[in-house]
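Trainee: Take a look and give me a structure for this.
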Amino acid sequence: MRQIIQASFVFAVYTFATVAWSFDELAYYKQLHENPELSFQEKQTAATLAGTLENAGFTVTTGVGGYGVVAMLYNGEGPTLMVRADMDGLPVEEDTGLPYASTVKAKELNGQDVSVMHACGHDVHMTVVMAAALELLERREEWQGTLMVIMQPAEERGAGARDMLADGLFERFPQPDYNLSVHTIATLPAGKIGYIAGWMMANVDSVDITLHGVGGHGAYPHTAKDPVVLAASVIMDLQTLVSREIHPAEPGVVTVGSIHAGTKHNIISDKATLQLTVRSYSDEVRETLLSGIERIAVKQAEAMGFPADKKPEVTVREEYTPALWNDPALVARGVSAMRAELGDDALVEIPKEMGGEDFSRFGRTDAKIPSFMIRVGTVPESLWEAASRGEARLPSLHSAFFAPDPVPTLDTGRRAITAMVLDLMASP
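Mentor: Residues are numbered from 1 along each chain as shown. Below you'll find the predicted structure:
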């Protein structure tokens with residue numbers, strides 16, 4: 001197993017008298033990629049990021065909402081702008097074959113031993129935001145205001161933004177006038193930026209269903225109440241929530257990702273458990289889906305004659321991620337700035353999707369701060385061309401084979417973020 005990065009490991013070299021710096025973003029990225037940490041366990045990643053920012057001259061606070069890092073750069077009168085990256089990796093065993101592939105093993109909070117990989121590109125996010133922050137430090141004569149850099153934990157569990165806000169993020173530090181962030185996309189070539197105004201990503205809920213039955217011998221099913229048969233019926237009926245209970249033009253997803261029951265061929269189990277992911281955009285559709293899941297589970301049990309003391313348990317987990325709204329006015333301004341920096345061909349308007357991102361929470365406070373998340377393309381040119389010819393498939397985010405082309409990906413992301421910040425905070 002590779003060693004976890006140490007807090008003292010810093011790739012930036014600074015000469016404070018001239019505020020000159022050099023930053024090897026590729027080396028920084030590879031080190032982060034090799035050493036991912038799971039959600040709620042980003043201790044060394046946070047320490048390394050905090051050390052880099054502090055050494056550069058930012059005012060750094062650690063331990064915000066867990067392992068969250070807040071770095072402030074005050075540069076005169078002007079707006080406050082927050083740029084956020086997320087830090088956590090995923091329990092995925094990497095299979096990219098890269099020389100800097102992760103071989104890290106770790107324990108989940110439930111004690112399960114897992115491999116860990118940056119399969120969602122959070123290593124890209126961290127490096128892009130870090131590189132942009134350091135460039136803005138050097139170019140501070142071109143802008144005025146307060147730059148707020150956020151390194152957020154536990155995005156993959158939908159908890160990091162919530163926990164940082166609950167820890168007083170916008171009370172202990174200046175409340176931003178704008179929020180910016182970046183996320184990789186596995187369906188655009190490296191060197192491209194995807195954008196969309198309005199809804200971009202969905203509400204995400206995780207639901208657990210426990211179906212209680214009466215166990216027995218598989219040869220005598222009439223003496224039991226089979227939770228597996230009940231589970232099969234519930235799963236099929238759940239499909240009608242999207243097809244028959246929400247407006248056809250409204251997006252919605254109910255997916256049963258896990259079902260567990262029983263131990264042996266000829267034993268009727270006394271319990272079956274289901275795990276669901278539920279996606280929506282509007283609050284109304286979200287409520288329809290969640291209430292419908294409980295109704296179907298309970299009423300199916302009643303219809304199949306399960307006793308009252310075996311009523312199904314339906315639990316909506318706290319790991320809720322609200323839908324992400326990109327402020328249309330901020331998008332228009334940001335796209336204009338990125339187009340001037342990167343050229344027309346680099347900007348691609350993309351459709352909304354049913355994935356989730358808790359960056360949304362920073363724009364859902366009472367202040368309704370305008371927010372904009374861009375998508376940075378990652379696909380190597382050769383793979384993109386092969387996929388365009390139908391000769392290859394593009395690995396998705398969260399795949400063991402997800403491998404961004406780092407040089408154009410990082411360069412494009414840094415330039416995009418820097419261009420938007422300079423536009424929003426331009427010196428008069």
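Trainee: Would you mind naming the helix or strand containing Leu188?
Mentor: strand 178-189 (DSSP states H and E).
Trainee: I'd like the next helix or strand past that strand.
Mentor: With DSSP H and E, the next secondary element past strand 178-189 is strand 193-195.
Trainee: which residues does the closest residue to Arg339 other than its chain neighbours contact?
Mentor: For Arg339, ignoring the flanking residues on the chain, the nearest one in space by C-beta to C-beta, 6 or more residues apart in numbering is Leu347 at 5.5 Å. Yep, even glycine has a C-beta here, placed from its N, CA and C like the rest. Residues in contact with Leu347 (C-beta atoms under 8 Å, 6 or more residues apart in numbering) are Lys192, Ile193, Tyr195, Val335, Met338, Arg339.
Trainee: try His122
Mentor: Pro36, Ala85, Asp86, Met87, Asp88, Gly89, Glu155.
Trainee: Report pLDDT for it.
Mentor: Looking at His122, its pLDDT is 98.
Trainee: Now do it against Glu138, distance only.
Mentor: 25 Å (C-beta to C-beta, to the nearest Å).
Trainee: Any buried residues in whichever helix or strand Ala419 is part of, and which?
Mentor: If you go by DSSP H and E, Ala419 is part of helix 406-424. Across helix 406-424, burial judged by 16 or more other C-beta atoms under 10 Å covers 406, 408-424.
Trainee: now swap in stretch 301-318 and tell me
Mentor: Quick answer for stretch 301-318 (16+ other C-beta under 10 Å): Ala301, Phe306, Lys310, Pro312, Val314.
Trainee: Model confidence for the residue nearest to Arg339, exactly?
Mentor: 98.
Trainee: Equivalent analysis for Ala7, please.
Mentor: 37.
Trainee: ok, now Asp88?
Mentor: 98.
Trainee: next one: the one 4 residues further on
Mentor: The predicted local confidence for Val92 comes out at a pLDDT of 97.
Trainee: you'd agree Ala340 is in a helix?
Mentor: Yes. Judged by DSSP: H, G, I helix; E, B strand; the rest coil, Ala340 forms part of a helix.
Trainee: which residues touch it?
Mentor: If you count contacts by C-beta under 8 Å, 6+ apart, then Ala340 has Ala419 around it.
Trainee: how close does it sit to Pro322?
Mentor: Applying C-beta to C-beta to Ala340 and Pro322 gives a distance of 32 Å.
Trainee: same check, this time on Asp163
Mentor: 15 Å.
Trainee: How about the longest helix along the chain, which residues are buried there?
Mentor: In the chain, with assignment by DSSP state H, the single longest helix is helix 283-303. Residues of helix 283-303 classed as buried by neighbour count (16+ other C-beta under 10 Å): 285-286, 288-290, 292-294, 296-298, 300-301.
Trainee: Remind me what the strand holding Leu188 packs against, helices and strands.
Mentor: Judged by 3 or more C-beta pairs under 8 Å, 6 or more residues apart in numbering; DSSP states H and E, strand 178-189 is in contact with strand 80-86, helix 122-138, strand 371-379, helix 406-424.
Trainee: Apply 6 Å and report the result again.
Mentor: Helices and strands touching strand 178-189, by 3 or more C-beta pairs under 6 Å, 6 or more residues apart in numbering; DSSP states H and E, are strand 80-86, helix 122-138, strand 371-379.
Trainee: and Val207, which of those is closest to it?
Mentor: strand 80-86 (23.7 Å; C-beta to C-beta).
Trainee: Can you mark which positions in the next helix or strand after that closest one are buried?
Mentor: Next along the chain after strand 80-86, taking DSSP H and E as the criterion, comes strand 105-107. Buried residues in strand 105-107, counted by 16+ other C-beta under 10 Å: Ala106.
Trainee: what lines up beside strand 105-107 in the sheet?
Mentor: Strand pairing for strand 105-107, determined by DSSP bridges: strand 113-115 (antiparallel).
Trainee: I'd like the average pLDDT over the strand it pairs with.
Mentor: 97.
Trainee: what comes up buried for it?
Mentor: For strand 113-115, by 16+ other C-beta under 10 Å, it's Val114, Ser115.
Trainee: State the mean pLDDT of the helix holding Ala419.
Mentor: In the prediction, helix 406-424 has an average pLDDT of 98.
Trainee: Can you check what angle separates whichever strand or helix holds Glu385 from strand 178-189?
Mentor: If you go by DSSP H and E, Glu385 is part of helix 381-388. Helix 381-388 and strand 178-189 meet at an angle of 60 degrees, taking axes from the mean of the first three to the mean of the last three C-alpha atoms, to 10 degrees as the criterion.
Trainee: Pull out the C-alpha coordinates of the helix holding Ala419 and format them as PDB.
Mentor: Taking Å, rounded to 0.1, in the frame of the first residue of the first chain, the C-alpha atoms of helix 406-424 are listed here in PDB:
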ATOM      1  CA  PRO A 406      -4.400  15.300 -17.000                       C
ATOM      2  CA  VAL A 407      -2.500  18.000 -18.900                       C
ATOM      3  CA  PRO A 408      -5.300  19.500 -21.000                       C
ATOM      4  CA  THR A 409      -7.900  18.800 -18.300                       C
ATOM      5  CA  LEU A 410      -6.000  20.600 -15.600                       C
ATOM      6  CA  ASP A 411      -4.900  23.500 -17.900                       C
ATOM      7  CA  THR A 412      -8.400  24.100 -19.200                       C
ATOM      8  CA  GLY A 413     -10.000  23.900 -15.800                       C
ATOM      9  CA  ARG A 414      -7.500  26.300 -14.300                       C
ATOM     10  CA  ARG A 415      -7.900  28.800 -17.100                       C
ATOM     11  CA  ALA A 416     -11.600  28.700 -16.900                       C
ATOM     12  CA  ILE A 417     -11.900  29.300 -13.200                       C
ATOM     13  CA  THR A 418      -9.200  32.000 -13.300                       C
ATOM     14  CA  ALA A 419     -11.000  33.800 -16.200                       C
ATOM     15  CA  MET A 420     -14.300  33.900 -14.400                       C
ATOM     16  CA  VAL A 421     -12.800  35.100 -11.100                       C
ATOM     17  CA  LEU A 422     -10.900  37.900 -12.900                       C
ATOM     18  CA  ASP A 423     -14.000  39.000 -14.600                       C
ATOM     19  CA  LEU A 424     -16.200  39.000 -11.500                       C
END
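Trainee: doesn't Thr80 make contact with Pro176?
Mentor: Yes. Counting by C-beta atoms under 6 Å, Pro176 touches Thr80, with 4.8 Å between them.
Trainee: more crowded one of these two?
Mentor: Set Pro176 next to Thr80 and count neighbours by other C-beta atoms under 10 Å: Pro176 wins out with 26 against 19.
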